[in-house]
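Undergrad: Okay, here's the prediction I keep looking at, along with the sequence it came from:
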Amino acid sequence: MFLHNLKYELLAALRVKAFIFWLLIFPMALGLFFKTAFIGIYEKNDMFSTVPCAVVLAEDNEALRTVVKSIESDEKPLFKASFVTDEEAKELLRKEEIEGIIYSEGGRLKLTVAGEGMNETLLKAFCDQYNANADVLTSTAVSDPAKLGEISEILMQEITTVKDNKLVNGNTDYYVEYFYNLIAMVALFGAQIGMTITINNQANLSALGARKNCSPTPKSVSVAASLVSRFAVQTLTMIVCVTFQHFVLGIDFGEHLLLVYLAAILAGILGVSLGFAVGSVGKGSRSTKEGITTAAIMFCCFLSGLMAANMKSILKEHVPFVNKINPAAVISDCFHCLNIYDNYDRFIEKLIVMAAMTFVFAFIGFILTRRRKYASL
Amino acid sequence: MENTVVKIDGLVKRYKDLTALDHLSLEIKEGEVFGLLGPNGSGKTTTINCLLSLLSFDKGEIEIFGKKMSPTAYDIKRDIGIIMQNVAVFEELTVYDNIDYFCGLYITDKEKRKQYVEEAIAFVGLEDFKKFYPKKLSGGLLRRLNIACGVAHKPKLIILDEPTVAVDPQSRNKILEGIEQLNQGGATVIYTSHYMEEVEQICTRIAIMDKGKKVAEGTKEELKKMIKNTETIKIEVRELTEEIRKKVSELPHVYLAEYKDSQLTVACSGGKHNLIRVLGVLQENELHIGRVYSELPTLNDVFLEITGKALRDKED
């Protein structure tokens, strides 16, 4: 009986056009929109990692050559420096083949750039650091020449370690948060299909529910089959969503892709349960319940930062408990933890919170739909 | 003696101050096509919903197949087929899948179910529409699908709640023929409607309801005998004077004679040759007579006489 119900509930759920739009097409379109909007930022970030520049030496500077060589030998160098003449350097800058010219005169560095931006800032930071270190070495040579070698070694180490170091194996990119929130939104849109569980099984909400209630199939079996079918459909949706974002849009979810899938699936199941619970409250019409559910989802997503990335931080400062009970925030936090922390403790904690929320919502749904007779239809 | 299939005793259902069912009692025997006739809001659907244990009620007892009905009386539910007033099918499933789904809620044997589903499709004449989705079906075909979903498992008791609302005449006839066939196949049928012609056509026994009460019950012949009217004569005639109208009203067996909009309406109670006598009076006075009708009483007349109002509004 359960399998018979499940088979047709699955078939029916997979064919609802509104769900196909809201759960698949809309998030894909929004993902594309985000990607398009952030593409410039991504490209700039990519250039930040290797900045082309020219070095013009007024006199030979062995120390500078050593430092530059050391930086360039890194796996992902911050600079790519060319030692050229002044004319050649200016020509390269004019052609925009380099971001700046570093002049070495009297042991100190000067910088000439053609624009403003992260790359220019980085070059300036390097020059400032070099000059500061040169000053330290000069004063050490005067005050305590014996320590010159030791100081020189320390300073060299300091400069060569100025590189893009990842703390964890995730993607800490600020903009990837939008894609986490998008996954959270898709997961919560599962509430729409969760809501139909109640509508299709309650005699006071639909003729279909009334007919089912007249059959010899126990209501618990019918509701359980509906719930499992929605879980399955939403799981499929979440897999498609993450796959599309990662493999089609090229969003970097770090090196824990399988865990991203796991979190997304659990989030989707949470969304379905949320809809099941919301749909079970009160007797409103289908359209009323759909409206309430959609509004609730969008509000949760707004609070979690889908529309304004810093919203979660604002709430954390003023009303921290909101982030703890907002399913959208919990879901996006889960992804966040996966990419920020170098262990899984927080990630697992968030998964447990999601599982607990799922259980609570499903329990509420079951309790409220268990009613067998109605005062009015 | 015929077995009692449904027994409703002193059923009371209230919605706050409104009494939807007022001590309703019914007994339906095996093999009957029992009609629940009444205007909209008379309590027919409420009765059905209480019968099916969908609706709670304030007072009374309901027994089906000799057992007390309850939401968990699955053994009773197994033998009931329900055709709702509103079409209750999955929009996303084909005709075949819908029937198979609902049949599968009652029948677990796959082979048996397959056979039942094919029979139900043939029964409602949807053989050419098996792969169609409900959206692609006309109103009449959709109603037929609704019926197939309710009867595919071959129930002993079939409840039809206004199944022909907004249905074209062809589909309506097909549905009514189908109900008669189901009854001939051994099913007991409860049929609710506010269309008296349908109830007269197919029901073997009828209960007339108004304001949550049963106002009359019996076969259609028994119901018609309950009222004074046996014949209503309508004659198109011009310039009928009050004197002549009075003469008509004084004829034997005539208890009402009205003249309005060039039409004389004469209601008779019993007797024979009433029409000849009325026409005789008009001819004596050399009046020009137009069309003449003689109507036997209908269930509407029964309802009108018992409740003082028509069974259904003119727009119905």
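TA: Cool, got the structure.
Undergrad: and residue A:9, what does it touch?
TA: Residue A:9 makes contact with A:225, A:226, A:228, A:229, A:230 under the criterion C-beta atoms under 8 Å, 6 or more residues apart in numbering or on different chains. In this view, the C-beta of every residue, glycine as well, is placed from N, C-alpha and C.
Undergrad: how about the residues you listed in TSV, adding pLDDT and secondary structure?
TA: Supplementary listing: the contacts of residue A:9 in TSV, determined by pLDDT from 0 to 100; DSSP: H, G, I helix; E, B strand; the rest coil:
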residue	pLDDT	secondary structure
A:225	96	helix
A:226	96	helix
A:228	96	helix
A:229	96	helix
A:230	95	helix
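Undergrad: hmm, which of the residues you listed are the buried ones?
TA: By the neighbour-count criterion of 16 or more other C-beta atoms under 10 Å in any protein chain shown, the contacts of residue A:9 include these buried positions: A:225, A:226, A:228, A:229, A:230.
Undergrad: so what are the domain limits for the chain?
TA: All of this is about chain A. Partitioning chain A according to automatic domain parsing yields domains covering residues A:2-42+A:170-369, A:50-160.
Undergrad: that's the wrong chain, I meant chain B
TA: Partitioning chain B according to automatic domain parsing yields domains covering residues B:4-225, B:231-296.
Undergrad: how about those, which one is nearest chain A?
TA: domain B:4-225 (3.5 Å; C-beta to the nearest C-beta).
Undergrad: shaky segments in the chain?
TA: All of this is about chain A. A:40-49, A:75-76, A:155-174, A:309 (pLDDT under 70).
Undergrad: Switch to chain B, please.
TA: Within chain B, the stretches with pLDDT under 70 are B:1, B:311-316.
Undergrad: And the strands in the stretch 101-250 of chain A?
TA: In the stretch 101-250 of chain A, the segments counted as strands under DSSP state E, counting those that start in this stretch are A:108-113.
Undergrad: Same check on the stretch 201-316 of chain B?
TA: With DSSP E, counting those that start in this stretch as the criterion, the stretch 201-316 of chain B has strands spanning B:205-210, B:213-218, B:231-237, B:254-260, B:263-268, B:289-295.
Undergrad: hmm, back to that, tell me which of the domains of chain B is the most buried.
TA: Each of the domains of chain B was given a mean neighbour count from mean count of other C-beta atoms under 10 Å in any protein chain shown, and the largest, a mean of 19, is that of domain B:4-225.
Undergrad: burial count for the residue lying closest to residue A:30 once chain neighbours are set aside?
TA: Counting by C-beta to C-beta, 6 or more residues apart in numbering or on different chains, residue A:182 is the residue found nearest to residue A:30 once chain neighbours are left out, at 5.9 Å. Residue neighbour count, defined by other C-beta atoms under 10 Å in any protein chain shown, stands at 22 for residue A:182.
Undergrad: could you list every residue that touches residue A:182?
TA: Under the criterion of C-beta under 8 Å, 6+ apart, the contact list for residue A:182 reads A:27, A:30, A:31, A:34, A:241, A:245, A:306.
Undergrad: just to revisit the earlier point, can you put the domains of chain B in JSON lines and add distance to residue A:292?
TA: JSON lines is the format used below for the domains of chain B (distance: least, C-beta to C-beta, whole Å):
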{"stretch": "domain B:4-225", "distance to residue A:292": "22"}
{"stretch": "domain B:231-296", "distance to residue A:292": "55"}
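Undergrad: Out of those domains, which is closest to residue A:276?
TA: Taking C-beta to C-beta as the criterion, domain B:4-225 is the member of the domains of chain B that comes nearest to residue A:276, at 18.5 Å.
Undergrad: Quick check: end-to-end length of that closest one?
TA: End-to-end distance for domain B:4-225: 25 Å, by C-alpha to C-alpha, to the nearest Å.
Undergrad: Check stretch B:285-301 too.
TA: Distance across stretch B:285-301, first residue to last, is 31 Å (C-alpha to C-alpha).
Undergrad: What lies in contact with it?
TA: Residues outside stretch B:285-301 that contact it (C-beta under 8 Å, 6+ apart): B:37, B:196, B:199-200, B:206, B:208, B:220, B:223-224, B:227, B:229-240, B:244, B:262, B:275, B:279, B:282-283, B:310-312.
Undergrad: cool, and stretch A:123-139?
TA: Contacts of stretch A:123-139 with the rest of the structure, by C-beta under 8 Å, 6+ apart, involve A:51, A:53, A:63-64, A:67, A:78-79, A:99-100, A:102, A:107-111, A:113, A:148, A:151-152, A:155, A:158-159, A:162.
Undergrad: now swap in stretch A:26-43 and tell me
TA: The contact list for stretch A:26-43, computed with C-beta under 8 Å, 6+ apart, reads A:175, A:178-179, A:182, A:185-186, A:189, A:241, A:244-245, A:249-251.
Undergrad: what do you get if the cut-off is 6 Å, keeping everything else the same?
TA: For stretch A:26-43, the external contacting residues (C-beta atoms under 6 Å, 6 or more residues apart in numbering or on different chains) are A:175, A:178, A:182, A:186, A:241, A:244, A:245, A:249.
Undergrad: among the residues you listed, which ones are buried?
TA: If you count burial by 16+ other C-beta under 10 Å, the buried members of those come out as A:175, A:178, A:182, A:186, A:241, A:244, A:245.
Undergrad: Just name the closest of the residues you listed to chain B, please.
TA: residue A:186 (20.9 Å).
Undergrad: wait, the closest one sits on residue A:241?
TA: Yes: counting by C-beta atoms under 6 Å, residue A:186 sits close enough to residue A:241 to count as a contact (4.8 Å).
Undergrad: residues contacting the residue in the stretch 251-377 of chain A that chain B sits nearest to?
TA: Shortest the stretch 251-377 of chain A-to-chain B distance, computed as C-beta to the nearest C-beta: residue-wise this is residue A:372, at 3.5 Å. The contact partners of residue A:372, taken as C-beta under 6 Å, 6+ apart, are residue B:71.
Undergrad: Can you tell me the element it falls in?
TA: Secondary structure assigned from DSSP states H and E places residue A:372 in neither a helix nor a strand.
Undergrad: For the stretch 101-250 of chain A, what lies in contact range of chain B?
TA: Remark: the part of the stretch 101-250 of chain A in contact with chain B comprises A:203, A:207, A:208, A:210, A:211, A:213, A:214, A:215, A:216, A:217, using C-beta under 6 Å from any C-beta of the partner chain.
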